[in-house]
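Q: Turn this into a model:
(chains A and B)
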Amino acid sequence: MGFGPFLLLALMESAVTAATLALTAVGLSLVFGVMRVVNVAHGEFFMLGAVSAWFITTWVGGPAWFSFLVALAVAPLFVAALAALADRIVLKRLDYEPEATIVATIGLMYIFQQAALSFYGPQAMPVEPPFNFRIQLPWFGYSAYKLSVIAFATLVLIGVWLFLTRTRAGLVMRATQVDRETAQAFGIDVDRVYAGVFALGAGLAAIAAVLIVPIQQAHYLMGHDPLLLAFITVIVGGLGSLRGTIVAAIFIGLSDGLIAFFWSPTLAKIIATLLVALVLVFRPQGLFGARQQ
Amino acid sequence: MTNLITPTRRTLLKGMGAGLLASAALPGHVFGQAAPIKLGFQLHRTGIGAAYGRWYERTAQAALKVVNDAGGINGRPVEIVFEDDATDPKRGAEVVEKLASQAGCDLIFGPLFSHVVIGSAPRAGELKIPYLVCSEGYHVASGMLNRWTMQPGITDVRAQVSSMAPWVTQNLGKKVTMVYPDYAFGYDHRDFFTEAVKAQGGEVIAQIAIPPTETTFTRYLPQIPTETEVLYHVMVGPAVLTFVKELGDFYGSGARPQIFGFIDSLEAVDTASPGLEFLEGTHFWEAHNRVKQADASEAETFYRAAVGVDDNGASVSDAADVATYSHMFSVWETLSVIKKGMEAAGYQGPADRQKFVEAVEAMTTFDAGQDHPQGDKVFNGKTHQVFGHQFISKVEGGKLMRVHQTAIEDGQYADAVDYSTQSF
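A: Numbers count the residues shown, from 1 in each chain, chains lettered A, B, ... in the order given. Here you go, the predicted model:
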């Protein structure tokens, strides 16, 4: 295969990675930005999204596109509800103490993982893609579904952006992010905002997972890699900065994909981790983060 | 109110008395029959080998029932203690320890994944407990392991690939590209298939190693040279379906080489899954035909019913639950060898473990039949490795149909080790 087609394929693959990574990382970044919670269980919300998509498509049955759409609508809502519950039962009671919430979310991670192992099982299960159309280029074929993942993820991200900048709920969230006490003094129910943000973050990870599950299959250990990449992205982009997260997701998704393509996936991980170290040393607030006052 | 929860001294004494009585009465009941022989099973119930583990457990239960229905071993009932090793080498060694020391098993069998076997076998050697693996790896016959480790249930990769290479080069093509998992099992494929193809006047023009935990594969596919005549693929782990699907997407309706796969790439996966239509006309190695063939023996029919697999190779209770049919027979056949070995050794307890190993080493051939439903085999007591027939199947109408069967001699090679001269 010539270099041109090779690069094209590499770019398309990397774009899929970048798109789902952006969704997952924006969820993680929102939770950190607004709640100051380092959510170690974020990868498990991703996994729960994929696993619930499998359950939903299996129960609903019918044509693949129909059951997939139901899963895409219901699975993120279910995961978001679960996250809101976890916030109310666990995080709120810890007063969102940074150290305590890290330990608590590690605990949640194991609980979700083992629950999935108990109720879903150790095997990987496929979810049928909504359509099986293949784009045939002169050099190779490519799944049209994968391209639609990029498009859909972009739409969701635009939606999140509009939600945060154009709606009252978004305004309330941003206000809480800037100054929790003042927001509270202005009559904002911070507890509700926190539950909502935690749910939104988990829901975004779940959407990414539902999109990815027809490509990768649902497995109870699948949350690990997205968590790692999302953390790298959020640190590079700047904790709590939405724009930074998206830019970093595109950058890391593409570079990870391209390096993995032309050299090796291990090298891609090494470079990404090195980048995190460099950012932490030379620009601790991240590429787009605001310095803490 | 507190009386309801806090026991009085009298109730406590009563309870203790009842307990004492019960424990005094129980042994009489247990000793009414012979103590069971305890076999430890190192199971990949979770982790990347979970699909195999699920079926290995079912096969072991089915084989156990057959053995016990026929009167057990040496007149004693047999029980199997299953212990999950999470398909993890470190955990594997702990499981060996636990089964041997805590559960008090007479021997251990059942592990499949080669990195787990290589990580666990040294512990079995130290504990001096027979360790019968169902793993396919060449690590047993290579001399890498120890006298306590044996593989009497399944042919190793070296023999499998060398016996099939002539058919592949003569019927599919001579320029081969290999895609294999990047660990011990994959290296056996890489080393011995490359060697065997060379011996046939062919050439392996590219070797593409993929980490077994990889979840996406498209990035590796452009490395397949365009002049490739045969694409040889073998993949394991939870993402095998993704691998095969992405392979199909990659070639699409364009020109593609002949495809020869190890069924490992599709174990526990339905060949008729959406997205796999491109597999039509491609070939697979099978150790045991997943789809019941027209000439299936009576023993094959019996085995299939006993393990609960239908004629298409899926569970009789769930058509979507496809078996790991080309591997799981090794569990059944290993249990047959254990029974035969224990009977030949007059096995009574752990003191006879050495006698058991010597009895298995003395075995030479296994006849096809209910004990060996996959077919007849030759056992090499020096290398602790068994050799059987291999099958090449073609996907026709979404089903794997056998087109070639190798002879046992095709896969045999010179001994690299003589375990029987090593000390225990």
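Q: Contact residues of the stretch 1-150 of chain B facing chain A?
A: B:45-47, B:50-51, B:53-54 (C-beta under 8 Å from any C-beta of the partner chain). Glycine gets a C-beta too; all of them are placed from N, C-alpha and C.
Q: Name the helix or strand for the residue in the stretch 101-250 of chain B positioned nearest to chain A, please.
A: The stretch 101-250 of chain B approaches chain A most closely through residue B:238 (3.4 Å), counting by C-beta to the nearest C-beta. In the assignment (DSSP states H and E), residue B:238 maps to no helix and no strand.
Q: From residue A:184, how far off is the closest residue to it other than its chain neighbours?
A: Among residues not flanking residue B:238 along the chain, residue A:124 sits closest, at 3.4 Å (C-beta to C-beta, 6 or more residues apart in numbering or on different chains). As judged by C-beta to C-beta, to the nearest Å, residue A:124 and residue A:184 stand 45 Å apart.
Q: Comparing these two, which residue is more hemmed in?
A: residue A:124 (26 against 15; other C-beta atoms under 10 Å in any protein chain shown).
Q: For chain B, which segments are assigned as helices?
A: Assigned by DSSP state H, chain B shows helices spanning B:2-5, B:9-30, B:50-69, B:89-97, B:114-127, B:157-171, B:184-199, B:240-251, B:298-307, B:325-345, B:353-361.
Q: Residue A:257 is nearest to which of those helices?
A: In terms of C-beta to C-beta, the element of these nearest to residue A:257 is helix B:240-251, at 14.1 Å.
Q: The closest one near chain A anywhere?
A: Yes - applying C-beta under 8 Å from any C-beta, one finds helix B:240-251 in contact with chain A at B:241-242, B:246, B:248-251.
Q: quick one: low-confidence parts of the chain?
A: Since no chain was named, I'll use chain A. Applying pLDDT under 70 to chain A picks out residues A:1, A:289-293.
Q: hmm, I had chain B in mind actually
A: For chain B (pLDDT under 70), the answer is B:1-33.
Q: which residues touch the residue in it positioned nearest to chain A?
A: Closest approach of chain B to chain A (C-beta to the nearest C-beta) occurs at residue B:252, with a separation of 2.1 Å. Applying C-beta atoms under 8 Å, 6 or more residues apart in numbering or on different chains, we find residue B:252 in contact with A:134, A:136, A:140-142, B:278.
Q: who does the residue nearest to it when sequence neighbours are not counted bridge with?
A: Distances taken as C-beta to C-beta, 6+ apart put residue A:141 closest to residue B:252, at 2.1 Å, once the chain neighbours are dropped. In this entry, residue A:141 is beta-bridged to residue A:136, by DSSP bridges.
Q: Run a quick neighbour tally on residue A:141.
A: Neighbours of residue A:141 under the rule other C-beta under 10 Å: 18.
Q: Residue numbers of the stretch 201-350 of chain B in contact with chain A?
A: Close to chain A, as judged by C-beta under 8 Å from any C-beta, the stretch 201-350 of chain B has residues B:211, B:214-216, B:218-219, B:221-222, B:226, B:238-239, B:241-242, B:246, B:248-254, B:268, B:273-275.
Q: Now do the contacts for the spatially most central residue of chain B.
A: A centroid search over chain B (C-alpha atoms, centre = their mean) returns residue B:134, at 3.8 Å, as the residue closest to the centre. Residue B:134 makes contacts with B:56, B:109-112, B:151, B:153-154, B:327, B:330-331, B:334, as judged by C-beta under 8 Å, 6+ apart.
Q: Sweet, I'm off.
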